[in-house]
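> Any chance you could fold what I've pasted below:
(chains A and B)
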Protein chains: 2
Amino acid sequence: MDNLSLLVDLYELTMAECYFHYKKDTLATFDLFVRALPINRSYLVAAGLEDILNYIKRLEFSKEDINYLRSKKIFSDGFLKYLSKFKFKGDTWALPEGTIFFADEPVVRVTASIIEAQIIESFLLNTINLQTMIASKASRVVSAVKEKRVYDFSLRRTHGSDAGVKAARSSYIAGFSGTSNVLAAKLYKIPVVGTMAHSFVMSFKHELDSFLAYSNTFAEDAILLVDTYDTRKGIENAIDTGLYLKAKRHCLQGIRLDSGNIISLSKLARRMLDKAGLKFVRIFASGNLDEFKIRQMLQAGAPVDSFGVGTNMGTSIDAPSLDVIYKISEVTDEDGKFMPTMKLSKGKVTYPGRKQIFRIKDKKGRFVKDVLGLEKEKINAIPLLIKVVEKGKIIYKFPSLDKIRRRLTENLRRMPDRLEEVCSRYKYPVVVSLQLRKLRRTLARQLGKRQ
Amino acid sequence: MDNLSLLVDLYELTMAECYFHYKKDTLATFDLFVRALPINRSYLVAAGLEDILNYIKRLEFSKEDINYLRSKKIFSDGFLKYLSKFKFKGDTWALPEGTIFFADEPVVRVTASIIEAQIIESFLLNTINLQTMIASKASRVVSAVKEKRVYDFSLRRTHGSDAGVKAARSSYIAGFSGTSNVLAAKLYKIPVVGTMAHSFVMSFKHELDSFLAYSNTFAEDAILLVDTYDTRKGIENAIDTGLYLKAKRHCLQGIRLDSGNIISLSKLARRMLDKAGLKFVRIFASGNLDEFKIRQMLQAGAPVDSFGVGTNMGTSIDAPSLDVIYKISEVTDEDGKFMPTMKLSKGKVTYPGRKQIFRIKDKKGRFVKDVLGLEKEKINAIPLLIKVVEKGKIIYKFPSLDKIRRRLTENLRRMPDRLEEVCSRYKYPVVVSLQLRKLRRTLARQLGKRQ
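Below is the predicted model of the structure:
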């Protein structure tokens, strides 16, 4: 699956064939953006740019690809020859990963030959959809855990292998402390963590035997799963194990609660552990957790130190897709001059022209509003889109994941606090500039005549 | 990403290290099953076995993998040496892809050394979760479209590249007629389809120019998107194009409606097309469709011939994960004798022992109920789990996708009709055999003593 050039909707290629005959030299600009914030989201976290740039850099059609396309008997020899030499040679602007953004704001903006810009559409949408969706969901979980730690346990229920590793990367960007996914940890140099499964406990004759075996093997790294049979007795066995380790001058790292009422069980466990002189033993919670449940637990004073969050984060379960689209905003005419364009479909009207997002700060450096305007407008604000590809060449130095994490933290710190509430109804103001509104109005009138 | 051996939760490996020291020769049986049917599902469609078997066959740890694991400083040299020679040498039973199944019924059953059975857990869960979830959702869409056609348009919003190709494969198993995803079409020999995007229409000065250009390029293969500006005028332009093609002795294949009220627009389009002598031009509908909307359209008499279904199917949007789990059901004791085991966690109790699903038919060959029993029970019914791996060797001949499709169709034909209703409240009877219930009761009492 390393060659992803055919990971493309057929219509990108049929349109390209047609462009090849009619509009080979036409240039166009496309915006990739999210039409509306999904349920429960007051902001989105840009993620996926690194994969997009690697894709753009490597994109070419192999002999095997071309042969497959030829076998479909819908493409001309001329176009297939063109494809066999295809390279992306256009420009790309994008939001750096970790940037907070909102509906209608371009995440990626592509200006290239219309064929090139069109062919990369499917991959760009797929990539931004997945990684931004996960980073945005995970950021909510991180807000909910506050100063506690949270780990990605989603691999078993993410949508396939690609989503598995990207969930680990995207949640790490959002502030997760690590992942259970070994491959992702290796690929992205993320801390990797693990405890034990119920099957492990069940494979021993007695629960205590399983705890002792694990602790003898991992000493300081043991987190004991205490809910396989009866949780209270499980905690007692964990205490016995903790005392056994203590006698050997080792510290039991923690216990894990994975079912039942975590609020009361964690309080019980804390009391029992403390009473036994095991104050240092931490309490991990897992089992179908999300930002809502975690907030509820912490508000109820559950003494949980770390959380494992899986399915609900790794599938973005309440919003398992973003309304991400890729729309043409300008195209060159016969004279090679860029002309703005827009879509008028019912309920799906877009913004024309080459746009920029301007983020306005107050005197204290806090973000107060965004202006979606035309690139050339002079607005006293931070322009968010930066150039990352110039004439097909990547001119962007990939930041480390830790730098991306810090960018998000910094972004959130400057945003209004209400944005981060788990049940936020706060809508960060994004306004459309006067010039852009004017252009849109004028153009809507003109475009009626295109039919 | 071709080497997926590290696509594993760390705890599988830490448990394996511990087993390596304490239980190297212990054998165990694990069941992979879905704890409860998700919302809106009255049945599930088994999918993912082919990938699992290829994974089991190829699974080994490369030098690079071992070096990475060594760098974590949690594994012993002895265990890493063992891993470097690791091969799966156990047995596997499974439901053939395309088989209908229900909650609590094992989809895959593994009997192997406890280390081997544990290490494959993460991949097995991830694979069955994704592909079964999609096939099950897609099967509902196929039921809703009845004799019409439906195509997979989900690539842009599936969770990554792996999910993209698997959504195409799984929906094809479920009865979809093809996909827009070129890579999936190539990998799985699935028909590939495509129309045009709004950007294509917008890149021309006049909508009609874009239709003519596309039709000149593809003649019989043109499906014109008519809703970029005003849909009624779009249909008129499509009619002009259809008449132009007709004069050249070509048939316009169709028009596509992607927004607005598809019911009234498709009726309008049909009338306009028929009146213009273009009865043969088909109407395609797309745009955020699912089984509920399609049923509604067809019940309202919308003359749509084919549907494109994307996000809602490709993310299984109403149920973006299955409650799929992998639980130990028996383990050998010191004498090498298999002893049944089970989990007692609150609300998560499992069934012990080596199990089989028995599907009972009536005299007409229709399925009337399933019995979840112990493998050795004599029940006059079809046993659904078949042996696919023996001592690490694949003994299963992969059926073609078309054969898998036919299996599902045949399964559905024999099931009670109500199962296929879009809003079915029907619950197909799955009962637990007397012997299995007895074993569970006895064991629950004994296991209390394990703590």
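> quick one, phi psi at A:Ala185?
phi -60, psi -40 (degrees, to the nearest 10).
> what ranges of chain A fall below the confidence cut-off?
A:1-2 (pLDDT under 70).
> Just give me the longest helix of it.
Ranked by residue count under DSSP state H, the longest helix found in chain A is helix A:121-145.
> Pull out the buried positions in that one.
Buried residues in helix A:121-145, counting neighbours by 16 or more other CB atoms under 10 Å in any protein chain shown, are found at A:121-145. Heads up, the C-betas are built off the backbone N, CA and C, glycines and all.
> And stretch A:407-420, by the same measure?
Using 16+ other CB under 10 Å as the test for burial, stretch A:407-420 gives A:407-408, A:411-412, A:414-415, A:419-420.
> neighbouring contacts of it?
With CB atoms under 8 Å, 6 or more residues apart in numbering or on different chains as the contact definition, stretch A:407-420 has outside contacts at A:42-43, A:45, A:96-100, A:135, A:139, A:143, A:173-175, A:361, A:365-367, A:399, A:424, A:426, A:428.
> can we see that at 7 Å?
By CB atoms under 7 Å, 6 or more residues apart in numbering or on different chains, the residues outside stretch A:407-420 that reach it are A:42-43, A:45, A:96, A:98-100, A:139, A:143, A:173-174, A:365-367, A:424, A:426, A:428.
> returning to that earlier point: for the buried residues of stretch A:407-420, which one is nearest chain B?
Distance to chain B, by CB to the nearest CB, is smallest for A:Leu408 among those, at 20.9 Å.
> Roughly how far does that closest one sit from A:Ser139?
A:Leu408 sits 7 Å away from A:Ser139, going by CB to CB, to the nearest Å.
> Tell me where the stretch 301-450 of chain A has strands.
Taking DSSP state E, counting those that start in this stretch, the strands of the stretch 301-450 of chain A run over residues A:306-309, A:324-332, A:338-340, A:355-361, A:367-374, A:382-383, A:386-390, A:393-394, A:430-432.
> Flag every buried residue along the third one.
By neighbour count on 16+ other CB under 10 Å, the buried set for strand A:338-340 is A:338, A:340.
> Return the residues of the stretch 251-400 of chain A in contact with chain B.
Residues of the stretch 251-400 of chain A found near chain B (CB under 7 Å from any CB of the partner chain) are A:259-260, A:311, A:315, A:317, A:320-321, A:327-328, A:331, A:341, A:343-348.
> Give me the buried entries from these.
For these, a neighbour count by 16+ other CB under 10 Å gives the buried set as A:259, A:311, A:315, A:317, A:320-321, A:327-328, A:331, A:341, A:343-345, A:348.
> Identify the farthest-apart pair in those.
Based on CB to CB, the longest span within those runs between A:Ser259 and A:Val331 and measures 57.2 Å.
> For burial, what's the neighbour tally of A:Asn237?
Other residues lying near A:Asn237 total 25 when counted by other CB atoms under 10 Å in any protein chain shown.
> From A:Leu243, how far off is the residue nearest to it when sequence neighbours are not counted?
By the measure of CB to CB, 6 or more residues apart in numbering or on different chains, the closest residue to A:Asn237 outside its immediate chain neighbours is A:Leu208, 4.5 Å from it. Noted for A:Leu208: a distance of 12 Å to A:Leu243, by CB to CB.
> For the stretch 51-200 of chain A, which residues are neighbours of chain B?
When proximity is defined by CB under 7 Å from any CB, the stretch 51-200 of chain A lies next to chain B at A:68, A:72, A:74, A:114, A:118, A:122, A:125-126, A:129-130, A:155-164, A:166, A:180-183, A:186, A:192-200.
> Restricted to strands, list those.
With strands defined by DSSP state E, no entry of those lies inside them.
> Can you flag the buried ones in those?
Buried residues within these, counting neighbours by 16+ other CB under 10 Å: A:68, A:74, A:114, A:118, A:122, A:125-126, A:129-130, A:155-164, A:166, A:180-183, A:186, A:192-200.
> and those, which of them are in helices?
A:68, A:114, A:118, A:122, A:125-126, A:129-130, A:160-164, A:166, A:182-183, A:186, A:198-200.
> can I see the domain layout of chain A?
Domain segmentation of chain A under automatic domain parsing yields A:10-134+A:322-450, A:194-281.
> Deepest in the core, which of the ones you listed is it.
Across those, the average number of neighbours (mean count of other CB atoms under 10 Å in any protein chain shown) peaks for domain A:194-281, which reaches a mean of 20.
> Next, the distance between the ends of that domain.
Taking CA to CA, to the nearest Å, domain A:194-281 runs 16 Å from one end to the other.
> give the contact list for the residue lying closest to A:Glu291 once chain neighbours are set aside.
Closest residue in space to A:Glu291, ignoring its immediate chain neighbours: A:Ala144 at 3.9 Å, by CB to CB, 6+ apart. For A:Ala144, the contacting residues are A:291, A:294-295, A:422, by CB under 7 Å, 6+ apart.
> any chance of those residues in CSV, with secondary structure too?
Formatted as CSV, the contacts of A:Ala144 follow (DSSP: H, G, I helix; E, B strand; the rest coil):
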residue, secondary structure
A:Glu291, helix
A:Ile294, helix
A:Arg295, helix
A:Val422, coil
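> Max pairwise distance over those: which two?
So, the contacts of A:Ala144 by CB to CB: farthest apart are A:Ile294 and A:Val422, at 8.6 Å.
> For chain B, what is the nearest residue in the stretch 351-451 of chain A?
Across the stretch 351-451 of chain A, no residue is closer to chain B than A:Gln451, which sits at 4.0 Å (CB to the nearest CB).
> Off-centre distance for stretch A:180-194?
17 Å (CA atoms, centre = their mean, to the nearest Å).
> Put the alpha carbons of stretch A:272-279 into CSV.
Output of stretch A:272-279 as CSV, limited to C-alpha atoms (Å, rounded to 0.1, in the frame of the first residue of the first chain):
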residue,chain,number,x,y,z
MET,A,272,-7.5,0.8,50.7
LEU,A,273,-4.1,1.5,49.1
ASP,A,274,-3.4,4.5,51.4
LYS,A,275,-4.3,2.5,54.5
ALA,A,276,-1.9,-0.3,53.4
GLY,A,277,0.9,2.3,53.1
LEU,A,278,0.8,2.2,49.3
LYS,A,279,0.1,5.9,48.7
